[in-house]
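[1] Following is a predicted model, sequence given first.
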Amino acid sequence: MRSDILKTGVEHAPHRALLYAGGLSDKNIKKPFIGIASSFTDLVPGHAGMRDLERQIEKGIHSGGGQAFIFGVPAVCDGIAMGHSGMRYSLPSRDLIADCVETAASAHQLDGLVLLTNCDKITPGMLIAALRLNIPSIIVTAGPSLEGHCKGETLTFIRGSSEAVGRYRAGNISLEKLTEMEHYACPTFGSCQGLYTANTLACLTEVMGMSLPGCATASAVSSKKRRIAFDSGYIICELIKNNVLPRDIVTLDAIKNAIIVDLALGGSTNSILHLLAIAQSADIPLSLENFEELSKKIPQIIKLDPSSTLTMTDLDNAGGISGVFKTLYGNTPEMKNTKNIIGMTVSEIAESAWVNNDVIKTLDNPITSDPGLAILHGNIAPDGAVVKISGVDKDVFEFTGTAKVFNHEEDAMKAIVDDVIQAGDVVVIRYEGPKGGPGMREMLAPTSLLVGKGLGKSCALITDGRFSGGTRGLCIGHIAPEASIGGTIGLIQDGDKIQIDINKRTINLLVDDDELNKRRETFVPYQNEVPKGYLAKYQRSVSQANKGAIAQ
């Protein structure tokens, strides 16, 4: 065992003395040392129920013959960090989490890991760490919240709070109604109820084989989730015994399967950033071209909140990811028969699965022949941009509008609130990229406000920042290169015409090359306040969005 370096031989008496000080017995010190990397915190509602899951995992580990050690990693709630400077820390926290797990596991020579996670950046951060370390590991995602209910209306976080603000600003609901909705939008702990980033990444983790079947969609408050936590603790002991490693599971084929399911689900645009980073941590060649190639072949067969009224509860009841496998595998030649952490193949899971085709549509009766996500290119985004097609009305797949340019999310928010933004406008929010922000903030607040004010089908929003998985409307993010390093988005001026064509996968500034060259000659990037501390380190090392926004 890896941990033998701490606990065998006369020369390691000091190590053993410290381990005994922690309460280990002579019997337990001989067992595999298994870390439970827990992102529990009362600050994040998606993680507030993890104390119980920690206990279940610990019971499983001890039942399986291991010795459990719990250690903590940070977690950021994007919903709470949204719309202010705190959001600059959200994406950078992914790399920080990976570093924390790597540090704890390596410093103490752990034999294996159970990674307890849930929300947006924590799950990819845990996966990156597991693949870097390449020691036996299993992921437990803590699960989604239940839907809220208010006087006969079913609520989710986005519809019951963010978009409700827009409805209030538009005069469609009273302040009393808004207050009532915010109290009932999130009735339990757990990740937000729709197919936002947290639940998208939970689904893709299960697809890639790093969590047990059913884990992604099982509610945070269900007994099913507690059983999965126990089983994961028990199984990690077998993975250590058989030396099953993350890089045996997360292969190029497994990641391509994740892309296929992501496209079929219409998941969060953030998944593209994270899959690129996950692949790099395992030395797997992956680029935006892989997404673009598959997006031409995979229709969308599921549509969940915020793009419909269905939630993760409905997906779980319809068969979950196993039901998705049953629908796609064998009917989609691009999908490969990879195996998961317990050795089950996609074909075996699909064969034994049950599926409700009212929720998970068949391939011959899809939601749409378009994929859920797409990559756009053009003179605004020569290195690519991302759109969540599943959240865009088909009437605006081809859209030409007038630019209104803002160097901060806050300035754009004020313009929307003050009715400066009108139908036919393209809201341009720049200097919010990985380096320019720094931190590539999410733009859920302005997109939700546009939808709530009735402008979701008549305006577009483009940014070198990114979007929440809860975003809907004609929203183009991840524009690369970003404004702060001289990207064309930095050259856009108020009144310019911008053309978006989702069908052709293009986004272009309708300004001739001579004029753009003149603007480049005098271009001086806008400078946000110079960051300090962790953000300064992140800004110096982070890559562009099309490379996964990885801090190296």
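    Structure received. A quick note: this is a predicted structure, and the numbers were derived from the prediction, not measured.
[2] Next, the buried residues of the helix ranked longest in the chain.
    Taking DSSP state H as the criterion, the chain has its longest helix at helix 223-242. Neighbour-count burial for helix 223-242, counted by 16 or more other CB atoms under 10 Å, picks out 225-226, 228-241. C-beta here means a position set from N, CA and C on the backbone, and glycine is covered the same way.
[3] How about stretch 71-87?
    Buried, per 16+ other CB under 10 Å, within stretch 71-87: 71, 73-79, 81-83, 87.
[4] what's the first-to-last distance across it?
    End-to-end distance of stretch 71-87 (CA to CA, to the nearest Å): 25 Å.
[5] in stretch 158-166, what's buried?
    Applying 16+ other CB under 10 Å to stretch 158-166 flags 158-166 as buried.
[6] Turn those into a markdown table, including distance to residue 425 and secondary structure.
    A markdown table is the format used below for the buried residues of stretch 158-166 (distance: CB to CB, whole Å; DSSP: H, G, I helix; E, B strand; the rest coil):
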| residue | distance to residue 425 | secondary structure |
| --- | --- | --- |
| 158 | 22 | helix |
| 159 | 24 | helix |
| 160 | 27 | helix |
| 161 | 25 | helix |
| 162 | 20 | helix |
| 163 | 19 | helix |
| 164 | 23 | helix |
| 165 | 20 | helix |
| 166 | 16 | helix |
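[7] Out of the residues you listed, which one has the lowest pLDDT?
    Of all the buried residues of stretch 158-166, residue 162 has the smallest pLDDT value, namely 80.
[8] Now do the residue lying closest to that residue once chain neighbours are set aside, the pLDDT please.
    With sequence-adjacent residues excluded and distances taken as CB to CB, 6 or more residues apart in numbering, residue 162 is closest to residue 448, at 3.7 Å. Here the pLDDT value assigned to residue 448 is 84.
[9] show me the contacts for residue 448.
    Residues near residue 448 by CB atoms under 8 Å, 6 or more residues apart in numbering: 158, 162-163, 165-166, 470-471.
[10] Report the distance from the helix or strand containing it to the chain centre.
    Taking DSSP states H and E as the definition, residue 448 sits inside helix 444-452. Chain-centre distance of helix 444-452: 19 Å, with CA atoms, centre = their mean, to the nearest Å.
[11] now swap in stretch 299-307 and tell me
    Taking the mean of its C-alpha atoms, stretch 299-307 sits 16 Å from the chain's own mean (CA atoms, centre = their mean).
[12] in a strand, that's where residue 34 is, yeah?
    Yes: applying DSSP: H, G, I helix; E, B strand; the rest coil, one finds residue 34 inside a strand.
[13] residue boundaries of the helices in the stretch 451-552 of the chain?
    In the stretch 451-552 of the chain, the helices defined using DSSP state H, counting those that start in this stretch lie at 513-521, 533-541.
[14] Out of those, flag the one nearest residue 386.
    helix 533-541 (20.8 Å; CB to CB).
[15] helices and strands around that closest one, which ones?
    Secondary-structure packing of helix 533-541 (3 or more CB pairs under 8 Å, 6 or more residues apart in numbering; DSSP states H and E): helix 90-107.
[16] where's the helix it packs on relative to the chain centroid, distance-wise?
    Put simply, helix 90-107 sits 16 Å off its chain's centre (CA atoms, centre = their mean).
[17] Give me the most central residue, the protein.
    Nearest to the mean C-alpha position of the chain, counting by CA atoms, centre = their mean, stands residue 197 at 3.4 Å.
[18] ok, back up a step: with mean neighbour count as extra columns, can I get the helices of the stretch 451-552 of the chain in a markdown table?
    As requested, the helices of the stretch 451-552 of the chain are exported to a markdown table (neighbours: other CB atoms under 10 Å):
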| stretch | mean neighbour count |
| --- | --- |
| helix 513-521 | 11 |
| helix 533-541 | 15 |
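[19] what about the residue nearest to residue 342 when sequence neighbours are not counted, distance to residue 118?
    Leaving aside its sequence neighbours, residue 342 sits nearest to residue 235 (CB to CB, 6+ apart; 6.1 Å). Distance from residue 235 to residue 118, counting by CB to CB, to the nearest Å: 19 Å.
[20] I'd say the residue nearest to residue 342 and residue 64 touch.
    Yes: if you go by CB atoms under 8 Å, residue 235 and residue 64 touch, sitting 7.2 Å apart.
[21] where do the contact lists of these two overlap?
    With CB under 8 Å, 6+ apart, residue 235 and residue 64 have no common neighbours.
[22] And for stretch 529-544, what's in contact with it?
    Against stretch 529-544 from outside (CB under 8 Å, 6+ apart): 88-89, 92, 95-96, 383, 433-435, 438-439, 480-482, 485, 549-552.
[23] Show me which pair in the contacts of residue 448 is furthest apart.
    Greatest spacing in the contacts of residue 448, by CB to CB: 165 and 471 (14.3 Å).
[24] rewinding a little: what packs against the longest helix of the chain?
    Using 3+ CB pairs under 8 Å, 6+ apart, helix 223-242 is in contact with strand 33-38, helix 50-64, strand 112-117, strand 137-141.
[25] is it possible to export those to JSON lines including distance to residue 414, mean pLDDT and mean neighbour count?
    What follows is the helices and strands packed on helix 223-242, written out as JSON lines (distance: least, CB to CB, whole Å; pLDDT from 0 to 100; neighbours: other CB atoms under 10 Å):
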{"stretch": "strand 33-38", "distance to residue 414": "40", "mean pLDDT": "98", "mean neighbour count": "26"}
{"stretch": "helix 50-64", "distance to residue 414": "37", "mean pLDDT": "98", "mean neighbour count": "20"}
{"stretch": "strand 112-117", "distance to residue 414": "35", "mean pLDDT": "98", "mean neighbour count": "29"}
{"stretch": "strand 137-141", "distance to residue 414": "37", "mean pLDDT": "98", "mean neighbour count": "31"}
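[26] could I get the ones you listed as TSV with distance to residue 373?
    Conversion of the helices and strands packed on helix 223-242 to TSV gives the following (distance: least, CB to CB, whole Å):
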stretch	distance to residue 373
strand 33-38	29
helix 50-64	29
strand 112-117	22
strand 137-141	20
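[27] list the contacts for the closest residue to residue 319 other than its chain neighbours?
    Closest residue in space to residue 319, ignoring its immediate chain neighbours: residue 355 at 4.0 Å, by CB to CB, 6+ apart. By CB under 8 Å, 6+ apart, the residues touching residue 355 are 318-319, 322-324, 326-327.
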